[in-house]
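**Student:** One predicted model, sequence on top.
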Amino acid sequence: MTLHSPAPARIDDPALLSLTEVAAAIRARRLSAREATEACLARIARAQPVLNAFISIEAEGALKAADAADAALARGDVKGPLHGVPLAHKDMYYDAGHVVTCGSNLRRDFVAPVTSTALQRLKDAGTVRLGALHMVEFAFGPTGHNPHYGPARNAWNPDHVTGGSSSGSGAAVASRLTYAALGSDTGGSIRLPAHFCGVSGLKTTVGLVSRAGAMPLSQSLDTVGPMARTVEDCALLLALMAGADPADPTCATRPVPDYGAATRLPLAGRTIGIPESFYVDDLDADVAEAMDTAIVLFAQAGARIVPVRLPDQPPLSAASTVILLSEAAAFHAQGLASRPEDYGDQVRARIENGFAIPAVTYLEALRWRGPALAAHLEAIKGIDAVLAPAAPMPAPTIAETDLGGAPNAEAMIQRLTRFTRPVNYLGLPAVSIPAGFTNSGLPVGLQLMGRPFGEADLVTLGAGFQRESDFHLQMPELP
Amino acid sequence: MTAPLTAEAVRATATTAGLDFSPETAARIVTAIAPALAAFAPIAGTLPLDLEPATFQRVQRQEDGE
C-alpha cells in the first residue's frame, strides 16, 4: 500500500499529524514511534481529567511497543503500513489477554479470549496500543453518558455530549489524543459522535468488515468502522480491515477496492442527491446552514446536485428500532436475569423494551429489509450518494440528555438518531464529515449515504469535500 | 401484528421470558416502544408469504454484482 500524503518536512508536534502523515513520517524515519507515542500520551495526560475519553491508558506498554517498533524499523523490518503508529479504539474490540469492559460493569474484569479480526488486521499493519476508549455501556445509546465510568465530554465544550456510542473515539480523535480510532455503528454510533465532535467517521456496509471478536449488540445491524481526522485516514484504515473473514461468515467475499486511490478522484462528474423531505425538515438553523454551504461547495467543485425523493423514512427507523431492541434483548437476556443490578438504568430499560417486541413483528422487520432496500436503490438510481445532516441539531448538553431510564428517555434517543437509523436498517454505508460550526463553536457534521458496498464513492466525495474545505482541520483547545 | 400494545400484554410476554416486570415498568415500556410499533404498523402484516429475510442479502449483493 502506498501512502500518498507525505509528512511535512518539519514536525513541531507529532500528535497534530494526520494518520496518513504520521505513518509516512515513521516509515521514513523522520519521526520515531516513541516520539509519536510520547506526543499522544502527553496530550492524553492533559485531556483525560476533563474529557474522560479513555477507559484505560496503557502508557508503559505503549512506549515499550513503540521502542520495539523503532528497533524493528532500524533493522529494516517494516511490519505494515501503520508501523509504529499509536492508536486507541472503542473498548469493545476483543484484544486477547486485555480487559475489554464494553463500557459496562458486567464486563469490568472481562479478559478477552481472542482478538477481533478488525483489530488484528490493524495490529498486523504495525499499530501500537495506547489504551482503550470510553464508550456507552454495551454500545447501547447515542449520547456518551455512562453510569459506570462517567460521561465522556465534548472536546469543543465539556458541558456538551460527545455523542455515542463511540463517545471516546469522537472525543479522542477530535482532541488529537489518537490519530484514529475504531468505532461501531448500529443506530448511528459512528456518525453521531463524528458529527458532534467534528471528526470524520465511516459507517460501513453490513458485511464489508468482519464483526468477529467485536462485542455484539444487534447482529443484523452492527457494523465496524473507522473514525479519524480525515476521510483519507478513514480510507486507509478501511482498506486494511475490509474483506472476507472465515471467522465471520456474514462477511462478503468481494474483492476490496483501492480506497486510497478513490480518495484522489475528482468531484467533477459525481452526482449527489439532496432529499426533498425528512432529512431537511425541522433542522436547527446551524445544521441547515451547513447543509446549504456544503451543497454550494460540492456544486462549485463540479459535482452534479439533484433532488431525490426517498421512500418514507419513519417506517425504516421503526423497523430498525424493532430489530435493535429485539436482538439486544436476546444478547442480554441472561445478564439481565442474573445480574440486573450491574446494568445502568437506561441500558437496562432499553433491554427490557426489547422483551415486549412480538417475535412476529421482529421477523416482519427482517423480512421487509430486502424490499425496502430495493425501493431505496430505485429512488437513488444514478446517484452516487445522498447528502443529509447526521442529526437535526448540534451536540446537546450533558445535563439535558441525562435521563437515565426515565419514561421520556427513549423519545430523546429516537430524536437524536432520527437521521441515522434508516441507513442502519438498509445496511448502507455512510461517511460523516465536518461541515461547519455553530455560533457557539460546536461542530456540525453531515453524512453522505451511499450504495451497498459503495464506500469507494463515499471516500471520493468525502475526501474531495475536504480538499475544498478546512472544517476537518479545526481542532479544539486542549483542556 | 398491529394490535395496540398494553402494559398487561407486556407483563405477560415478559413472564414467558422468565422476567417479572412491575406494572410501572410495563407502562414505561409501552410508552417507549409504542411509537416504533405504530410507525411499523403499516408494513406489518402486509408482506407476501414468499418473502424471506435473506432477500436483503440478495438485493444488497445484486447491487454489488457479486
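**Tutor:** Done, it's in. Numbering: from 1, shown residues only, chains lettered A, B, ... in the order given.

**Student:** Tell me where chain B has helices.
**Tutor:** Under the criterion DSSP state H, chain B carries helices at the ranges B:7-16, B:23-40, B:55-64.

**Student:** Output these as a markdown table; include the columns distance to residue A:287 and mean neighbour count.
**Tutor:** Where C-beta positions appear, they are placed from N, C-alpha and C, glycine not excepted. Formatted as a markdown table, the helices of chain B follow (distance: least, Cβ to Cβ, whole Å; neighbours: other Cβ atoms under 10 Å in any protein chain shown):
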| stretch | distance to residue A:287 | mean neighbour count |
| --- | --- | --- |
| helix B:7-16 | 36 | 16 |
| helix B:23-40 | 23 | 20 |
| helix B:55-64 | 30 | 18 |
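
**Student:** So for residue A:145, which of those sits nearest?
**Tutor:** When these are compared by Cβ to Cβ, helix B:23-40 sits nearest residue A:145, at 16.9 Å.

**Student:** other SSEs contacting the closest one?
**Tutor:** Using 3 or more Cβ pairs under 8 Å, 6 or more residues apart in numbering or on different chains; DSSP states H and E, the elements in contact with helix B:23-40 are helix A:314-338, helix A:345-354, helix A:359-367, helix A:409-416, helix B:7-16.

**Student:** The same query, at a cut-off of 7 Å, please.
**Tutor:** Counting contacts by 3 or more Cβ pairs under 7 Å, 6 or more residues apart in numbering or on different chains; DSSP states H and E, helix B:23-40 is packed against helix A:314-338, helix A:345-354, helix A:359-367, helix B:7-16.

**Student:** Would you mind giving the helices of chain B as a markdown table with mean pLDDT and distance to residue A:436 added?
**Tutor:** Output for these, formatted as a markdown table (pLDDT from 0 to 100; distance: least, Cβ to Cβ, whole Å):
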| stretch | mean pLDDT | distance to residue A:436 |
| --- | --- | --- |
| helix B:7-16 | 91 | 43 |
| helix B:23-40 | 94 | 30 |
| helix B:55-64 | 87 | 32 |
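
**Student:** which residues touch residue A:213?
**Tutor:** Applying Cβ atoms under 7 Å, 6 or more residues apart in numbering or on different chains to residue A:213 gives the contacts A:93, A:94, A:114, A:115, A:116, A:117.

**Student:** Please verify my assumption that residue A:265 contacts residue A:460.
**Tutor:** Yes - under the criterion of Cβ atoms under 7 Å, residue A:265 makes contact with residue A:460 at 4.6 Å.

**Student:** more crowded one of these two?
**Tutor:** residue A:460 (25 against 16; other Cβ atoms under 10 Å in any protein chain shown).

**Student:** Looks to me like that one is in a helix.
**Tutor:** Yes - assessed by DSSP: H, G, I helix; E, B strand; the rest coil, residue A:460 belongs to a helix.

**Student:** measure residue A:257 to residue A:263 for me?
**Tutor:** Separation of residue A:257 from residue A:263 (Cβ to Cβ, to the nearest Å): 11 Å.

**Student:** what about those two, which has more around it?
**Tutor:** residue A:263 (26 against 18).

**Student:** so what's the more buried one up against?
**Tutor:** Taking Cβ under 7 Å, 6+ apart, we find residue A:263 in contact with A:231, A:232, A:235, A:459, A:460, A:463.

**Student:** Would you pull up the residue in chain B closest to chain A?
**Tutor:** Relative to chain A, the nearest point of chain B is residue B:55 (2.9 Å; Cβ to the nearest Cβ).

**Student:** Now do the same contact list for that residue.
**Tutor:** Per Cβ under 7 Å, 6+ apart, neighbours of residue B:55: A:370, A:371.

**Student:** That one and residue A:373: what is the separation?
**Tutor:** To residue A:373, residue B:55 is 9 Å away according to Cβ to Cβ.

**Student:** any shared contact partners between those two?
**Tutor:** With contacts defined as Cβ under 7 Å, 6+ apart, no residue is shared by residue B:55 and residue A:373.

**Student:** before we move on, the earlier item: save the contacts of residue A:263 as a markdown table, and put in distance to residue A:319 and pLDDT too.
**Tutor:** Shown next, in a markdown table, are these (distance: Cβ to Cβ, whole Å; pLDDT from 0 to 100):
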| residue | distance to residue A:319 | pLDDT |
| --- | --- | --- |
| A:231 | 29 | 98 |
| A:232 | 34 | 98 |
| A:235 | 30 | 98 |
| A:459 | 28 | 98 |
| A:460 | 30 | 98 |
| A:463 | 32 | 98 |
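
**Student:** Filter those residues down to the buried ones.
**Tutor:** Buried residues within the contacts of residue A:263, counting neighbours by 16 or more other Cβ atoms under 10 Å in any protein chain shown: A:231, A:232, A:235, A:459, A:460, A:463.

**Student:** Assumed residue A:196 was part of a helix.
**Tutor:** Yes - with three-state DSSP as the criterion, residue A:196 is part of a helix.

**Student:** interface residues of chain A facing chain B?
**Tutor:** Applying Cβ under 7 Å from any Cβ of the partner chain, one finds that chain A approaches chain B through A:252, A:254, A:314-315, A:317-319, A:321-322, A:325, A:333, A:337, A:349, A:352-353, A:355-358, A:360-361, A:364-371, A:373-374, A:377, A:407, A:410, A:414, A:427, A:451-453.

**Student:** Kindly recompute the last result at 6 Å.
**Tutor:** For chain A, the residues in contact with chain B (Cβ under 6 Å from any Cβ of the partner chain) are A:254, A:314-315, A:318-319, A:321-322, A:352-353, A:355-356, A:358, A:360-361, A:364, A:366-370, A:373-374, A:377, A:407, A:410, A:452-453.

**Student:** What's the ChimeraX syntax to select whichever of those residues are buried?
**Tutor:** A single ChimeraX command selects the buried members of these (16+ other Cβ under 10 Å):
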select /A:254,314,315,318,319,321,322,352,353,355,356,358,361,364,366,367,368,369,370,373,374,377,410,452,453
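
**Student:** Can you find the helix or strand in chain A with the smallest mean pLDDT?
**Tutor:** Lowest by mean pLDDT, DSSP states H and E among the helices and strands of chain A is helix A:409-416, with a mean of 91.

**Student:** and it with helix A:314-338, angle?
**Tutor:** 140 degrees (axes from the mean of the first three to the mean of the last three Cα atoms, to 10 degrees).

**Student:** follow-up on the earlier one: now compare the contacts of residue A:263 and name the two farthest from each other.
**Tutor:** Using Cβ to Cβ, those reach their maximum pairwise distance at A:232 and A:460, which is 10.9 Å.

**Student:** Helices of the stretch 101-250 of chain A, residue ranges please.
**Tutor:** Using DSSP state H, counting those that start in this stretch, the helices of the stretch 101-250 of chain A run over A:117-124, A:167-174, A:191-197, A:231-241.

**Student:** which other residues reach the longest one?
**Tutor:** For helix A:231-241, contacts defined as Cβ atoms under 6 Å, 6 or more residues apart in numbering or on different chains pick out A:18-20, A:118, A:121, A:125, A:180, A:200, A:202, A:209, A:226, A:228, A:259-260, A:263, A:459, A:462-463, A:466.
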